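Engineer: No letters, just coordinates:
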């Protein structure tokens, strides 16, 4: 049975406002590239998979500044290539710099709050596991969900991020549940899904905007599908 559900943070619970794809499109336009925001949105899984792979090697946010800049230039290059535009690494670096410097806030996805309430109404412990390097308590408060989240673990707390096991083990310890009693939900297949399974947890892949190419049966398109999935698989007491 599932007693605790952990959620990824960015891309799962929250998004940028203005939307990341719009920021990208504007930055590209300023560099003479006309990209459709939807094409950028569909390209994000490709670039984010590269991010997950690099985080598995060593946390990007903990690398020296020059190394981070090199990574994000390549991240941007891969993103634009997946959206149909090949650019030089130097151009990608310049576009990323504008994207990074654009003022933006964090907003909850529309399905986040009702999904969290559904988890709590089902008697489940709710938690967040994120590769963000800083404490997110104040951010959760500003989003209005701090009182609804029982625990959170960041890569900064552990010194290791997804897909590595220590960050999942830390969440399990905080929730006081075993790996077989927990499920993790996230939008990065390698970091969230394969990482969680490698630590012994069940996992759900959240594929919001792109055609799922993983052929993974444990895939959802909205957070509102978490409880139905748990019920359908007989993982909730009473069902």
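Structural biologist: Good, I have the coordinates. Note that the structure is a prediction, hence the values are computed from the model and not measured.

Engineer: What are the buried residues along the lowest-mean-pLDDT helix or strand in the chain?
Structural biologist: Least confident helix or strand of the chain, by mean pLDDT, DSSP states H and E, is helix 37-57 with a mean of 86. Within helix 37-57, the residues scored as buried using 16 or more other CB atoms under 10 Å are 37, 39-45, 47-52, 55-56. C-beta here means a position set from N, CA and C on the backbone, and glycine is covered the same way.

Engineer: For the next helix-or-strand element following that helix, name the packing helices and strands.
Structural biologist: Next helix or strand after helix 37-57 toward the C-terminus (DSSP states H and E): helix 65-82. Counting contacts by 3 or more CB pairs under 8 Å, 6 or more residues apart in numbering; DSSP states H and E, helix 65-82 packs against helix 37-57, helix 89-101.

Engineer: which other residues reach the longest one?
Structural biologist: The reference is to helix 37-57. With contacts defined as CB atoms under 8 Å, 6 or more residues apart in numbering, helix 37-57 is touched by 11, 19-22, 24-25, 60, 71, 74-76, 78-84, 131, 161-164, 187-191, 195, 207, 209-210.

Engineer: On the pLDDT front, check the residue lying closest to residue 135 once chain neighbours are set aside for me.
Structural biologist: Excluding the flanking residues, the one nearest residue 135 by CB to CB, 6 or more residues apart in numbering is residue 154, at 6.5 Å. If you check residue 154, the pLDDT there is 95.

Engineer: Counting neighbours, what do you get for residue 154?
Structural biologist: Neighbourhood size, residue 154 [other CB atoms under 10 Å]: 20.

Engineer: Who does it form a beta bridge with?
Structural biologist: residue 130 (DSSP bridges).

Engineer: how near is residue 3 to residue 181?
Structural biologist: Separation of residue 3 from residue 181 (CB to CB, to the nearest Å): 4 Å.

Engineer: hmm, I was thinking of residue 142
Structural biologist: 31 Å.

Engineer: who's more crowded, the two?
Structural biologist: With neighbours defined as other CB under 10 Å, residue 142 and residue 181 compare such that residue 181 has more, 17 against 11.

Engineer: Let me know whether that one touches residue 5 as I believe.
Structural biologist: No - with contact defined as CB atoms under 8 Å, residue 181 does not reach residue 5; the gap is 10.3 Å.

Engineer: how about the helices in the protein?
Structural biologist: Assigned by DSSP state H, the helices in the chain fall at 20-29, 37-57, 65-82, 89-101, 112-121, 137-143, 155-158, 165-175, 195-198, 226-232.

Engineer: most neighbours per residue, which of the ones you listed?
Structural biologist: helix 195-198 (a mean of 22; mean count of other CB atoms under 10 Å).

Engineer: Outside of that helix itself, which residues are in contact with it?
Structural biologist: Against helix 195-198 from outside (CB under 8 Å, 6+ apart): 6, 56, 162, 163, 164, 165, 168, 183, 184, 186, 202, 203.

Engineer: if you set the cut-off to 10 Å instead, what comes out?
Structural biologist: Contact with helix 195-198 is made by 6, 8, 52, 55-56, 129, 131, 161-165, 167-168, 171, 179, 182-186, 188-189, 201-205, 218, as judged by CB atoms under 10 Å, 6 or more residues apart in numbering.
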